[in-house]
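Peer 1: model this:
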Amino acid sequence: MTIEGREIAVAGGGVAGLAAALALARRGARVRVFEAAPELGEVGAGLQLGPNAVAVIEALGLRAMAEAAASRPEAIELREHREGRPVARLPLGPACEARYGRPYWHLHRADLLAVLAEGAAAAGVALRTGARVAAVEQDDAGVRLTLAGGEEVAAEAVIGADGVRSSLRGAHFGGGAARFTGHVAWRGLAPAELLPPGLLPRAAAVFMGPGRHVVAYPLRGAAVWNVVAVEERRAWAEEGWSTPGDPAELRAAFAGWCRPVEALLAAVDAPFLWGLFDHPPLAAWARRRVALVGDACHPMLPFLAQGAAMGLEDAWVLADALDAAPDPPAGLAAYAARRRARAERTQRASARNARVYHVAAPLRRAALHLGLRAASTLAPGALMGRFDWLYGTDVTQATGD
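Peer 2: Coordinates of the predicted model:
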């Protein structure tokens with residue numbers, strides 16, 4: 001079987017949903033995307049795409065468009081929070097391309113969504129915004145979606161790409177409600193014109209401190225810097241996914257940190273505050289004609305910058321598995337089997353990074369930083385090699401039978 005001509009619906013128009021729609025459409029499926037928001041868009045924020053994600057962008061035929069909007073960082077730099085002194089440096093740029101065959105990118109999330117949306121439209125994907133999927137029912141013949149408002153839509157399979165609070169997950173896969181991880185993330189943009197010249201190199205800087213850290217990297221030709229400031233909290237009381245943050249509260253949370261951090265936070269005038277959520281592991285990612293991708297099935301903490309990348313990988317493997325299977329249920333089951341171990345390993349690695357960044361005990365933190373500094377100086381290739389399993393995997397080369 002191939003999926004050419006088959007009707008597939010995607011619930012959710014974020015990175016994973018649009019990428020899945022495009023990957024399916026490029027193999028001949030007739031794809032409709034239903035996005036609950038009135039328009040595609042994201043609150044101003046950046047994202048990082050490692051070589052494993054760039055491989056999928058390339059295979060989808062979007063590399064030239066995405067590369068035009070992307071920045072190429074020189075390195076990932078881990079720094080102390082008080083003095084800002086370097087702790088470790090993972091070289092990117094030419095070193096990354098030489099090691100993995102593809103670059104490491106920084107992109108504004110809205111720019112990536114625009115590239116995916118344009119590619120999906122060119123492939124024939126039908127996108128509807130302001131269309132929330134309220135219910136999904138399936139039988140041996142197919143799937144029926146009911147949209148908010150009562151409209152019914154028929155399909156042969158449904159892909160849930162509706163995020164960590166996925167309604168499809170709750171209705172078809174159980175696993176419990178989304179739960180607060182004990183971390184909140186302030187996100188905002190710092191215009192370069194408001195920053196002191198030469199404040200930071202063109203790299204992703206991670207400032208590590210007790211119970212919190214700050215990540216900053218340039219976007220859009222270094223016209224702006226993306227800033228993510230994460231702190232540990234006991235509770236998250238807001239009902240919304242994110243809420244406008246108080247810049248004064250953000251600066252107070254990181255008072256006394258080094259000059260680059262203070263300058264970056266001083267330039268952020270409209271931060272948003274996210275509670276970071278996950279959900280208990282699911283027993284299955286696919287049930288007959290319904291499957292989940294991205295945060296709907298494996299939410300990622302942002303400490304390894306792999307949330308968007310894993311959604312892109314899901315999209316490619318999903319389309320490949322469906323195209324090789326005798327029917328949609330078999331294809332969706334094959335997709336889940338191929339993806340689960342890698343996604344869960346990435347989740348664990350992200351959680352480990354959080355513990356490294358947030359070490360509170362001064363002596364333990366000093367010992368950890370000393371070890372990282374020694375490894376970075378004496379064997380920088382070995383330090384980067386810890387991520388070969390992640391960045392060196394190209395899911396577009398592993399096809400179904």
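
Peer 1: unless I'm mixing things up, residue 54 is touching residue 102, no?
Peer 2: Yes - using C-beta atoms under 8 Å, residue 54 is in contact with residue 102, at 4.4 Å. C-beta coordinates here come from the backbone N, C-alpha and C atoms, glycine included.

Peer 1: between the two, which one's more packed in?
Peer 2: Taking other C-beta atoms under 10 Å, residue 54 and residue 102 do not tie; residue 54 has more neighbours (26 against 21).

Peer 1: low pLDDT regions in the stretch 251-400 of the chain?
Peer 2: Where the stretch 251-400 of the chain drops to pLDDT under 70, the residues are 399-400.

Peer 1: where do the helices sit along the stretch 1-150 of the chain?
Peer 2: Using DSSP state H, counting those that start in this stretch, the helices of the stretch 1-150 of the chain run over residues 15-26, 51-59, 63-69, 93-100, 109-122.

Peer 1: just name the most buried of these.
Peer 2: Among the helices of the stretch 1-150 of the chain, the stretch with the highest mean neighbour count (mean count of other C-beta atoms under 10 Å) is helix 15-26, at a mean of 28.

Peer 1: in terms of helices and strands, where is residue 274?
Peer 2: Taking DSSP states H and E as the criterion, residue 274 maps to strand 272-278.

Peer 1: and the following helix or strand past that strand, what does it pack onto?
Peer 2: The first helix or strand that comes after strand 272-278 along the chain, using DSSP H and E, is strand 286-287. In this structure, strand 286-287 packs against helix 328-357, with contacts taken as 3 or more C-beta pairs under 8 Å, 6 or more residues apart in numbering; DSSP states H and E.

Peer 1: distance from the chain centre to stretch 336-352, please.
Peer 2: Average the C-alpha atoms of stretch 336-352, do the same for its chain, and the two points are 13 Å apart (C-alpha atoms, centre = their mean, to the nearest Å).

Peer 1: equivalent analysis for stretch 73-87, please.
Peer 2: 23 Å.

Peer 1: got the angle between the strand holding residue 274 and helix 328-357?
Peer 2: Strand 272-278 runs at 120 degrees relative to helix 328-357, counting by axes from the mean of the first three to the mean of the last three C-alpha atoms, to 10 degrees.

Peer 1: hmm, who's touching strand 272-278?
Peer 2: Residues from elsewhere that reach strand 272-278, judged by C-beta atoms under 8 Å, 6 or more residues apart in numbering: 43, 45, 164-165, 178-181, 183-188, 230, 236, 238, 241-245, 299, 301-302.

Peer 1: please enumerate the strands of the stretch 201-350 of the chain.
Peer 2: With DSSP state E, counting those that start in this stretch, the ranges of strands along the stretch 201-350 of the chain come out as 204-209, 212-219, 224-232, 242-244, 272-278, 286-287, 290-292.

Peer 1: strand partners of the first one, parallel vs antiparallel please.
Peer 2: Think strand 204-209. strand 75-80 (parallel), strand 212-219 (antiparallel) (DSSP bridges).

Peer 1: can you check the last one too?
Peer 2: Based on DSSP bridges, the strands next to strand 290-292 in the sheet, each with its direction, are strand 157-160 (parallel), strand 286-287 (antiparallel).

Peer 1: the strand holding residue 274 to strand 224-232, inter-axis angle?
Peer 2: Here strand 272-278 points in a direction 50 degrees away from that of strand 224-232 (the same axes, to 10 degrees).

Peer 1: what lines up beside strand 272-278 in the sheet?
Peer 2: Going by DSSP bridges, the partners of strand 272-278 are strand 179-191 (antiparallel), strand 242-244 (antiparallel).

Peer 1: would you reformat the ones you listed as a markdown table and include mean pLDDT and distance to residue 343?
Peer 2: Shown next, in a markdown table, are the strands paired with strand 272-278 (pLDDT from 0 to 100; distance: least, C-beta to C-beta, whole Å):
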| stretch | mean pLDDT | distance to residue 343 |
| --- | --- | --- |
| strand 179-191 | 92 | 17 |
| strand 242-244 | 78 | 24 |
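
Peer 1: residue 229 and residue 265 touch, don't they?
Peer 2: Yes - in this structure residue 229 lies within contact range of residue 265 using C-beta under 8 Å: 7.1 Å.
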